[in-house]
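Colleague: here is a sequence together with a model predicted from it:
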Amino acid sequence: MTDSTPHLPGQESWPGLWHHLAVYGSSWLVAMLAIILGMFVSLLLGLVAALAAGLSFLTIHRLLRQKAVADQEKHLVDEQLLQSQKLAALGKLSAGLAHEINNPLAIIRQEAEWLLFLCRQSEPLDMTEAISGLRQILKQVDRSREITTNLLNFARRQQPIVQAVNLNRLVGDMVRLVAKETEQRRITVVTQLAPDLPSINSDAPLLRQVILNLLNNAMQAIDQDGTITISTQPTEPEAILIQIHDTGCGISKELLPRIFDPFFTTKPQGKGTGLGLSICHGIIERLGGTITVASEVGKGSTFTVKLPITLTPKEI
Amino acid sequence: MPTGPSILLVDDEERFRQNLKKMLTAHGLTVTAVGSGDQALAELAKQPYDVMLLDMRMPGLSGLETLAILKKDYPETEVIVLTGHASVDAAAEIIRLGGFEFLLKPCPLEEIIAKIESAYERKLARQERPG
Ligand SMILES: Nc1ncnc2c1ncn2[C@@H]1O[C@H](COP(=O)(O)OP(=O)(O)OP(=O)(O)O)[C@@H](O)[C@H]1O
Ligand SMILES: [Mg+2]
């Protein structure tokens, strides 16, 4: 029965422990020391890590703040640059505008002065001359109105209305629109339209305006007898190209940088307002594309319009 | 009989040129009208003119270029600059070149005539006391 005394493991192991301690005492101490040292080291490491983290946080914070300030400054500079560019464009525009409007006004003034002069004469009024003067006034008023309408179109920066546009069809339509004039001028129009051209997301009425302007310029550059080649093709990532080539007079290197300026024209008074290309440029920019030109005097010019297949409208 | 100044009018806008010539002639002035800077220089090579009315913005030789040549080769001719735009830069350039008289289009005929007369008087005064 004595054997049946409940046996508690702990009770029996106590003396064992002491024994253990007595035998392995030194190594226990070593172990304890190691643990303390380990704790100390890890504490130290933790402290260093925390310090490092704190420091790097501060540095990153400072860097971010510096970047924010730099961004702000850059933004300001960009804004100022844009503003000054706008002002420069406005200056050029108003100088050009004054000239364009003042010329027809000067003629209107002359006609009126002359009619007044004729009316004050004792002789009866020469009707043919009076009618010619009045006609001229009407003509000059129309000329001024054309300038202001062009300007309004230019200034009206309405958001493009984006929809699927079949460019090949659009180009074909515009070529047909000028067919009568090209025929009269004995100009051959060659179209090279890519059959696999994807339809693009863009604004068809605005694009029509661009193509028409470029075709008009090409015809005027050729005047009589020549060829206009208009082509479409898909191009590198997600874009299409429209090229209008003419065998016209070409543009000299000196004038080339100015042709997109509002009111820049080499055409005689009353023939060109010089707004065509600046309007084209404005439209294409709004449609997320680019318009470029290559030209050689006496050989001809090529205008290249590049448009994205999908338009991400951008506020200008 | 023609005691008034000989006038050379240079403007590329045909109707304006013809009208002004017609109106000045009706006021008893003698006017020759040409359509470009090159034609004006060719005309001056043929005979001297007292007063010149010169448009600033013309295709080909511009008004400013013509003016520079005039000041060098025909300093006796008084120049009145006609301009449709009052660009400050262009004005400074003109003053620098020595063509002081301005007419801003559109302007009344009397103003043009008055400018022509005073230009002519200036020219006569200069001839009286040379140097
Ligand atoms: N295809 C071309 N070939 C040669 N010169 C050109 C061509 N397209 C444009 N230009 C030059 O660029 C100038 C500006 O063209 P832009 O279309 O802006 O005005 P414009 O044709 O003179 O007048 P508008 O378009 O108002 O009738 C023209 O006067 C001409 O000198
Ligand atoms: Mg044009």
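Modeller: Looks like it came in fine. Numbers count the residues shown, from 1 in each chain, chains lettered A, B, ... in the order given. Ligands and ions are numbered 1, 2, ... in the order given.

Colleague: only C-alpha atoms from now on, for both contacts and neighbour counts.
Modeller: Noted.

Colleague: count of neighbours near A:Cys119?
Modeller: Around A:Cys119 there are 14 other residues, counting by other Cα atoms under 10 Å in any protein chain shown.

Colleague: contacting residues for A:Thr302?
Modeller: Neighbouring residues of A:Thr302 by Cα atoms under 8 Å, 6 or more residues apart in numbering or on different chains: A:Gln243, A:Ile244, A:His245, A:Asp246, A:Val293, A:Ala294, A:Ser295.

Colleague: biggest separation within those residues, which pair?
Modeller: Spatial extent of the contacts of A:Thr302 (Cα to Cα) is set by the pair A:Gln243 and A:Ser295 at 12.7 Å.

Colleague: burial count for residue 59?
Modeller: Since no chain was named, I'll use chain A. The burial count for A:Thr59: 12, using other Cα under 10 Å.

Colleague: look at chain B instead
Modeller: If you count neighbours by other Cα under 10 Å, B:Pro59 ends up with 16.

Colleague: residues in contact with it?
Modeller: When contacts are counted by Cα under 8 Å, 6+ apart, B:Pro59 touches A:Thr266, A:Lys267, A:Pro268, B:Asp12, B:Ser36.

Colleague: and B:Leu29, how far is that from ligand 2?
Modeller: To ligand 2, B:Leu29 is 40 Å away according to Cα to the ion, to the nearest Å.

Colleague: now do the contacts for that residue.
Modeller: Contacts of B:Leu29 (Cα under 8 Å, 6+ apart): B:Gly4, B:Pro5, B:Ser6, B:Ile7.

Colleague: most neighbours among the contacts of A:Thr302, which one?
Modeller: Neighbour-wise, the contacts of A:Thr302 (other Cα under 10 Å) top out at A:Asp246, 29 neighbours.

Colleague: from A:Glu183, how far off is that residue?
Modeller: Separation of A:Asp246 from A:Glu183 (Cα to Cα, to the nearest Å): 15 Å.

Colleague: same thing with A:Leu212?
Modeller: Using Cα to Cα, we find A:Leu212 at a distance of 16 Å from A:Glu183.

Colleague: ok, those two, which is more surrounded?
Modeller: Legend: neighbour count by other Cα under 10 Å for A:Leu212 and A:Glu183, higher for A:Leu212 (19 against 13).

Colleague: quick check on the contacts of B:Pro59: which are buried?
Modeller: Among the contacts of B:Pro59, those scoring as buried are B:Asp12, B:Ser36 (criterion: 16 or more other Cα atoms under 10 Å in any protein chain shown).

Colleague: out of the contacts of B:Pro59, which comes closest to A:Pro124?
Modeller: Using Cα to Cα, B:Asp12 comes nearest to A:Pro124 of the contacts of B:Pro59, at 32.6 Å.

Colleague: so where's the longest helix in chain B?
Modeller: If you go by DSSP state H, chain B has its longest helix at helix B:109-128.

Colleague: packing partners for that helix?
Modeller: Helix B:109-128 is packed against strand B:51-55, strand B:78-83, with contacts defined by 3 or more Cα pairs under 8 Å, 6 or more residues apart in numbering or on different chains; DSSP states H and E.

Colleague: can you tell me the strand partners of the longest one and which way each runs?
Modeller: Read that as strand B:78-83. The strands beside strand B:78-83 in its sheet (DSSP bridges) come out as strand B:51-55 (parallel), strand B:101-104 (parallel).

Colleague: chain center to that strand, what's the gap?
Modeller: Relative to the mean C-alpha coordinate of its chain, strand B:78-83 is positioned 4 Å out (Cα atoms, centre = their mean, to the nearest Å).

Colleague: okay, that strand in PDB with CA atoms only?
Modeller: Extracted C-alpha coordinates of strand B:78-83, given in PDB (Å, rounded to 0.1, in the frame of the first residue of the first chain):
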ATOM      1  CA  GLU B  78       9.900 113.300 -95.800                       C
ATOM      2  CA  VAL B  79       8.300 110.100 -94.700                       C
ATOM      3  CA  ILE B  80       4.900 109.700 -93.100                       C
ATOM      4  CA  VAL B  81       4.300 106.200 -91.800                       C
ATOM      5  CA  LEU B  82       0.800 104.700 -92.300                       C
ATOM      6  CA  THR B  83       0.100 101.900 -90.000                       C
END
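
Colleague: looking at that strand now, give me its mean pLDDT.
Modeller: In this model, strand B:78-83 carries a mean pLDDT of 87.

Colleague: what's the answer for stretch A:195-203, then?
Modeller: In the prediction, stretch A:195-203 has an average pLDDT of 93.

Colleague: contact partners for A:Val297?
Modeller: A:Cys249, A:Gly250, A:Ile251, A:Ser252.

Colleague: residue ranges with poor pLDDT in the stretch 51-200 of chain A?
Modeller: Within the stretch 51-200 of chain A, the stretches with pLDDT under 70 are A:74-95, A:152-159.

Colleague: check A:Gly16 and give its pLDDT.
Modeller: Confidence score, pLDDT, at A:Gly16: 54.

Colleague: still on that earlier bit, near chain B, which of the contacts of A:Thr302 show up?
Modeller: The subset of the contacts of A:Thr302 within reach of chain B, counting by Cα under 8 Å from any Cα of the partner chain, is empty.

Colleague: the residues you listed in strands, which ones?
Modeller: A:Gln243, A:Ile244, A:His245, A:Asp246, A:Val293, A:Ala294, A:Ser295 (DSSP state E).

Colleague: from these, pick the one nearest ligand 1.
Modeller: Ranked by distance to ligand 1 (Cα to the nearest ligand atom), the ones in strands among the contacts of A:Thr302 are led by A:Asp246 at 6.3 Å.

Colleague: how about the contacts made by that closest one?
Modeller: By Cα under 8 Å, 6+ apart, the residues touching A:Asp246 are A:Ala218, A:Met219, A:Ala221, A:Ile222, A:Gly226, A:Thr227, A:Ile228, A:Thr229, A:Gly300, A:Ser301, A:Thr302.

Colleague: partner strands of the helix or strand hosting the last one, with direction?
Modeller: Read that as A:Thr302. Here A:Thr302, judged by DSSP states H and E, is contained in strand A:300-308. Strand A:300-308 pairs in its sheet with strand A:239-246 (antiparallel), strand A:290-296 (antiparallel), by DSSP bridges.

Colleague: residues from chain A in reach of ligand 2?
Modeller: Neighbours of ligand 2 within chain A, by Cα under 5 Å from the ion: A:Asn217, A:Gly276.

Colleague: let's see that with 8 Å instead.
Modeller: A:Asn213, A:Leu214, A:Asn216, A:Asn217, A:Gly272, A:Thr273, A:Gly274, A:Leu275, A:Gly276, A:Leu277 (Cα under 8 Å from the ion).

Colleague: before we move on, the earlier item: with mean neighbour count as extra columns, can I get the helices and strands packed on helix B:109-128 in TSV?
Modeller: Listed next are these as TSV, based on neighbours: other Cα atoms under 10 Å in any protein chain shown:
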stretch	mean neighbour count
strand B:51-55	25
strand B:78-83	24
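
Colleague: nothing else from me, thank you.
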